[in-house]
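K.L.:
pasting a predicted model and its sequence here:
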Amino acid sequence: MQHLRISPEGISSLFWIVPEDKPAYAIEPDDLDLSEELLDRIEVWNDVFDALFDSDDPKASQFPTPQAEAAWRAEGRALADAIREELGDEWEVEARF
């Protein structure tokens, strides 16, 4: 079974393949077999994170309001569910945010 992790770990690094015996590596959502509609939603969600991420001081990266963070996390969970559905049973999809 293939393992996909969705986890913000740097600008434009939200999607990771997690092999069983090797370190995780970043991938682009376009490398997955996903619909254009879902890829468009992922891009918007990713852009929100990229806009607030400070690569010079990652710990200082903050959402403007708690509501904005809650909305981003909720969309992330919804995206993880949609990705699971589209990729099927051959994939384990993990969300960490």
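P.N.:
Received it, and whenever you're ready, just let me know what you need.
K.L.:
quick one: the helices in this protein, in order.
P.N.:
36-52, 66-87 (DSSP state H).
K.L.:
now do the last one, average pLDDT.
P.N.:
Along helix 66-87, the predicted local confidence has a mean pLDDT of 97.
K.L.:
which elements pack onto that helix?
P.N.:
With contacts taken as 3 or more CB pairs under 8 Å, 6 or more residues apart in numbering; DSSP states H and E, helix 66-87 sits against strand 2-6, helix 36-52, strand 91-95. Using the backbone N, CA and C atoms, a C-beta is placed for each residue, glycine as well.
K.L.:
which residues does that helix contact?
P.N.:
4, 6, 32-35, 38, 41-42, 45, 48-49, 63, 91, 93-95, 97 (CB atoms under 8 Å, 6 or more residues apart in numbering).
K.L.:
where does the prediction get shaky in this protein?
P.N.:
Along the chain, segments meeting pLDDT under 70 span 10-12.
K.L.:
80 instead?
P.N.:
9-13, 54-55, 58-59 (pLDDT under 80).
K.L.:
in TSV: the helices of the chain, plus distance to A24.
P.N.:
TSV is the format used below for those (distance: least, CB to CB, whole Å):
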stretch	distance to A24
helix 36-52	17
helix 66-87	16
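K.L.:
mind putting those helices in CSV, mean neighbour count and distance to Y25 included?
P.N.:
Listed next are the helices of the chain as CSV, based on neighbours: other CB atoms under 10 Å; distance: least, CB to CB, whole Å:
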stretch, mean neighbour count, distance to Y25
helix 36-52, 14, 17
helix 66-87, 14, 17
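K.L.:
which one of those helices lies closest to V18?
P.N.:
V18 sits nearest to helix 66-87 of all the helices of the chain, at 13.9 Å, using CB to CB.
K.L.:
relative to helix 36-52, how tilted is the closest one?
P.N.:
For helix 66-87 against helix 36-52, the angle by axes from the mean of the first three to the mean of the last three CA atoms, to 10 degrees is 150 degrees.
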